[in-house]
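>>> need a structure here:
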Amino acid sequence: MPSIPQSLLWISLVVLWLFVLVPMLTNKRDAVRRTSDVALATRVLNSSRIARLRRRGRGPASGHLSDPDWRPSAEDLDGDNRENRAPGRSVVMVADQYASRDDPPDPPLGARHGRIARYARGADYHVQIKKRLHAVCDRLRTDHPGHEFRAFTDTAPVLERELAQRAGLGWVAKHTLLIHPLRGSYFFLGGFVTTLSAQPPPEQRVSADHCGTCTRCIDACPTNAITPYSVDASRCISYLTIERRLPIDERFHEPIGDWLFGCDICQEVCPHNRPADHGRAGLPHDAYKPARDSFDLLDVLGWNQDDRRSAFRSTALKRATLAMIKRNAIIVAGNKLSAADDPPLAESIHRIADDPQESDTLRTVARITLNRLNRQ
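Next comes the predicted model:
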């Protein structure tokens, strides 16, 4: 995992650069100037989010992962990892849109299919964003020798949403995701830290919080994971299906519904993701054109490692191991079987429950699912 200096939390400027404009930066000599033309900036002092996490007793030391902004490696930002520190002066934050608020709703799923979150339906954003960020950093290094440029996107201990909010890209909403006032929340964040001082236009401002009294995301969450401006990861469907390696508590099996990987519910119900009439909702990058929005559960339950590698190649789905995606498929299959008989699907769960070649986790989840179905 690439390291980002601790001084990132004490940088003097934060600059927003809309990533959809990256293709315009073809002239290396104009890279910084064009960045500033579309930049938003604000002064950044000590991270307020780090302070809140400390007060709540959350983070790696406490074992509490209820704040999705916190990852175990975040101690690199707040600890004694001095060898990786650098005198960062500016951070350029980028937003890469993967879906549009003007997109039509998802079509009905097949009777035997499990749903994939929108962000994972196209190419792997880690690769896509990093590739373009590295290209820009290379250009800037050539034009500004002696200065440092380090790219990051969801793979380093950086509080990206806080930086993006302070840069004016949007506001951190009640569901803890960043919302752009025109484009909604369907975008990835990334950026680079640099020793170069970037000067954004002074007329650009930080976005106000437009959540108001709305509680749609809170009310719609099937697992009650959301409270205003906080998400309990231990209850969040996205965390449970993408990050959790161990069995998922049975009380969350039914609320998971048909979500095989991730969850979009809190974004789908948000008024700021409804179709817009202002004509400035933006277009997703071509790389994120959905290759598929679901998988056949019976297929997934029969996968081996090669099948998983083939299905997940070049996508963010790779985050889920074979055991995890099969665990998720068992849970979703159980929910499907609660609504309608499907003998082949039921037989596949029975097979996993009785197969000594399967992992203890999968056999346990399969037995819990069968017991739940037998109680109905």
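>>> for Pro222, what are its contacts?
Residues in contact with Pro222 (C-beta atoms under 8 Å, 6 or more residues apart in numbering) are Ile237, Pro255, Ile256, Gly257, Ile265. Heads up, the C-betas are built off the backbone N, CA and C, glycines and all.
>>> mind checking how far the residue nearest to Leu283 when sequence neighbours are not counted is from His180?
The shortest distance from Leu283 to any non-neighbouring residue, by C-beta to C-beta, 6 or more residues apart in numbering, is to Ser100 (6.3 Å). Ser100 sits 11 Å away from His180, taking C-beta to C-beta, to the nearest Å as the criterion.
>>> List the ones among the contacts of Pro222 that fall in helices.
Ile237, Pro255, Ile256, Ile265 (DSSP state H).
>>> For His113, which residues count as its bridge partners?
Asp296 (DSSP bridges).
>>> Quick check, pLDDT for it.
Turning to His113, the model gives it a pLDDT of 98.
>>> got it, and Asp360?
pLDDT recorded at Asp360 is 93.
>>> and what of the one 5 residues further on?
pLDDT, Val365: 97.
>>> what's around it, how many residues?
Residues lying near Val365 (other C-beta atoms under 10 Å) number 27.
>>> element containing it, please.
In this assignment (DSSP states H and E), Val365 forms part of helix 360-375.
>>> from what I can see Pro271 touches Thr215, true?
No: applying C-beta atoms under 8 Å, one finds Pro271 not in contact with Thr215, separated by 11.3 Å.
>>> returning to that earlier point: have a look at Ser100 and His180 and say which one is more surrounded.
Set Ser100 next to His180 and count neighbours by other C-beta under 10 Å: His180 wins out with 23 against 18.
>>> I'd like the distance between the closest residue to the more buried one other than its chain neighbours and His272.
In space, not counting the residues next to it along the chain, His180 is nearest to Gly170; the distance is 4.2 Å by C-beta to C-beta, 6+ apart. With distances taken as C-beta to C-beta, Gly170 is found 9 Å from His272.
>>> can you list residues touching both of the two?
With C-beta under 8 Å, 6+ apart, Gly170 and His272 have common neighbours Ile179, Pro181, Ser185.
>>> In ChimeraX, how would I select just the buried ones from those?
Remark: buried members of the shared contacts of Gly170 and His272, expressed as a ChimeraX selection using 16 or more other C-beta atoms under 10 Å:
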select :179,185
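>>> Adding distance to Arg132 and secondary structure as columns, could you present the shared contacts of Gly170 and His272 in CSV?
Formatted as CSV, these follow (distance: C-beta to C-beta, whole Å; DSSP: H, G, I helix; E, B strand; the rest coil):
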residue, distance to Arg132, secondary structure
Ile179, 23, strand
Pro181, 24, coil
Ser185, 21, coil
